[in-house]
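**Student:** what shape does this take:
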Amino acid sequence: MNDSPADRRAGTGAAATPRPQDEPATLRESGEDPERGCLIARLAELQRSMGRFFARDRSMPLLASTLTMQQLKVVMFLSFAGSTSGQELARHLGVGLATVTGIVDRVVAQGLASRHEDPHDRRVRRVQLTEAGRRLTSEIIEAGTGGYIRLLRRLDTETLRTMETVMRKIEDVMREMHAEDAEDAGPA
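**Tutor:** Numbers count the residues shown, from 1 in each chain. Next up is the predicted model:
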């Protein structure tokens, strides 16, 4: 490939146009239509390119944070789940309870979460975000949204309409997938 370094950084050029043999093996093996496979691969690469674009913004609270990846996962999970037990966190992260205890200890030490007794079972300690933790997660989410809005403002209205239609379809599929995953998981 003769892409310039600028083409590779921008996600343009030959590297950004996957050919059927470049598509992930899971698409080839599924018997999916080659054109669909190429479109999916190109869209995935465009999504990665957008991620790289937004990751360059060093002012983002996520990049300014000193949290490890596991600590960040705990903080973000708590922002969506609210109060949760250590066992629920361990299950979500796919690690042991002892590992989660250490991670939570460090998040608590940073003032981002607190532990408290479960009102229904005094043997259980629950973890929840503090005000500082809620502020951090809000800043992380809003920073990503702010950059995305800046990008969207540069698009014409017709493109925005098309994107809204596509994004609503994606949202519908996400709901279906979430319902299927919840069904597959069975009762909690």
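**Student:** which strand in the protein runs the most residues?
**Tutor:** The residue-count maximum for a strand in the chain (DSSP state E) belongs to strand 121-129.
**Student:** tell me the helix or strand right after it.
**Tutor:** On the C-terminal side of strand 121-129, the closest following helix or strand by DSSP states H and E is helix 131-152.
**Student:** that next one - contacts with which helices or strands?
**Tutor:** With contacts defined as 3 or more C-beta pairs under 8 Å, 6 or more residues apart in numbering; DSSP states H and E, the packing partners of helix 131-152 are helix 34-55, helix 61-64, helix 69-81. Where C-beta positions appear, they are placed from N, C-alpha and C, glycine not excepted.
**Student:** quick one: low-confidence ranges for this protein?
**Tutor:** Within the chain, the stretches with pLDDT under 70 are 1-30, 57-60, 62-64, 187-188.
**Student:** ok, the most far-flung residue of it relative to its centre to His116 distance?
**Tutor:** In the chain, the residue that sits farthest from the middle, by C-alpha atoms, centre = their mean, is Arg122; the gap is 33.5 Å. As for Arg122, its distance to His116 is 11 Å (criterion: C-beta to C-beta, to the nearest Å).
**Student:** same deal with Asp184?
**Tutor:** Applying C-beta to C-beta, the value for Asp184 to His116 is 32 Å.
**Student:** of these two, who's got more company?
**Tutor:** His116 (11 against 7; other C-beta atoms under 10 Å).
**Student:** mind telling me what element that one is part of?
**Tutor:** Applying DSSP H and E as the criterion places His116 in strand 113-118.
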